[in-house]
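Visitor: no sequence for this one, just the structure:
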Ligand SMILES: N[C@H](CCC[C@H](N)C(=O)O)C(=O)O
């Protein structure tokens, strides 16, 4: 069957759709392997749903399932629209709840599930933007992969360093389940937005730049997070899955 690869601001995913829900943890590890597989940060499988346009299974590259993926939600929406699984405005079910998305050319905006503030640990703050994220406001060059890895296991969370410069938000993320820094992390950028806004450094909308330097936009409307940016299909092939 056909599998595709999508890149959402540098966060990349193998995506396909099928009818049968089953454990695809080992498949995710195989397909996401950057040496022996297609290579990606995650695997997304779209499945039929009686109420919503579809539901999904999301796996990190290490085969662990995650309840949500911000960039993955934008990639899944573009895939669903391109392959006639949904119209340009859609609703789909994730482990974190229902996501609303809108496709406009190669720009996709998704509304994330309601966020939670989960507490402070020293200069770090923990948020749930669909998955758990620790955020510290600091200079980006102070991003330390070993410190991030330690905090990731201590709190079972993704770890972000965020910096506000010239009224723009810059974010670097160590991603749980990829176990490395990724080029972008949507729920991480959203958690960083919440932290910067809480400290009074930004307003309700801002341009955000992850490690890939691709421009995204995050806004807070009626206390819900909206996240918008470019998505592209980078690969398509027949593949045994
Ligand atoms: N690695 C995350 C899931 C993917 C999040 C990220 N890729 C995004 O765009 O939100 C976790 O296990 O919590």
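Guide: Alright, I've got the coordinates. It should be emphasised that the depicted structure is a prediction, and the values quoted were computed from it without experimental measurement.

Visitor: If we ignore the residues flanking it in sequence, what's nearest residue 176?
Guide: Distance criterion CB to CB, 6 or more residues apart in numbering; nearest residue to residue 176, sequence neighbours excluded, is residue 158 at 4.8 Å. All C-beta spots, glycine's among them, are computed from the backbone N, C-alpha and C.

Visitor: Equivalent analysis for residue 20, please.
Guide: residue 47 (7.8 Å).

Visitor: now do residue 65
Guide: Nearest non-adjacent residue to residue 65, counting by CB to CB, 6+ apart: residue 59, 5.6 Å away.

Visitor: list the contacts for that neighbour?
Guide: By CB atoms under 8 Å, 6 or more residues apart in numbering, the contact set of residue 59 is 24, 25, 27, 28, 32, 42, 43, 44, 65, 66.

Visitor: Narrow these to just the buried residues.
Guide: Neighbour-count burial (16 or more other CB atoms under 10 Å) applied to these gives 24, 25, 27, 28, 32, 42, 43, 44, 66.

Visitor: which two in these are spaced the farthest apart?
Guide: The two members of these with the most space between them (CB to CB) are 27 and 66, at 15.4 Å.

Visitor: So what are the sheet partners of the longest strand along the chain and their directions?
Guide: For the chain, the longest strand by residue count, based on DSSP state E, is strand 224-238. Next to strand 224-238 in the sheet, as set by DSSP bridges, lie strand 2-8 (antiparallel), strand 107-111 (antiparallel), strand 216-221 (antiparallel).

Visitor: could you point out which element follows the longest one?
Guide: Same thing as strand 2-8. Going down the chain from strand 2-8, the next helix or strand is strand 11-17, by DSSP states H and E.

Visitor: how about residue 194, secondary structure?
Guide: helix (DSSP: H, G, I helix; E, B strand; the rest coil).

Visitor: shift numbering so it begins at 361
Guide: That works, and once the first residue is 361, the last one we named lands at residue 554.

Visitor: Show the contacting residues for it.
Guide: 475, 477, 487, 489, 495, 580, 585.

Visitor: Roughly how far does residue 446 sit from residue 404?
Guide: Distance of residue 446 to residue 404, given as CB to CB, to the nearest Å: 14 Å.

Visitor: Next: residue 571.
Guide: Counting by CB to CB - residue 571 and residue 404 are separated by 21 Å.

Visitor: Ok, residue 589 next?
Guide: 17 Å.

Visitor: so of the contacts of residue 419, which ones are in helices?
Guide: 385, 387, 388, 392 (DSSP state H).

Visitor: tally of neighbours for residue 491?
Guide: 26 (other CB atoms under 10 Å).

Visitor: Flag every residue of this structure that's near the ligand.
Guide: 371, 401, 420, 426, 429-432, 491, 518, 535-538, 545-547 (CB under 6 Å from any ligand atom).

Visitor: Could you tell me which of those residues belong to helices?
Guide: 430, 431, 432, 546, 547.

Visitor: Farthest-apart pair in the residues you listed, please.
Guide: Most distant of these, by CB to CB, are 432 and 547, 9.3 Å apart.

Visitor: how close does the closest residue to residue 548 other than its chain neighbours sit to residue 455?
Guide: Leaving aside its sequence neighbours, residue 548 sits nearest to residue 533 (CB to CB, 6+ apart; 3.9 Å). Going from residue 533 to residue 455 by CB to CB gives 19 Å.
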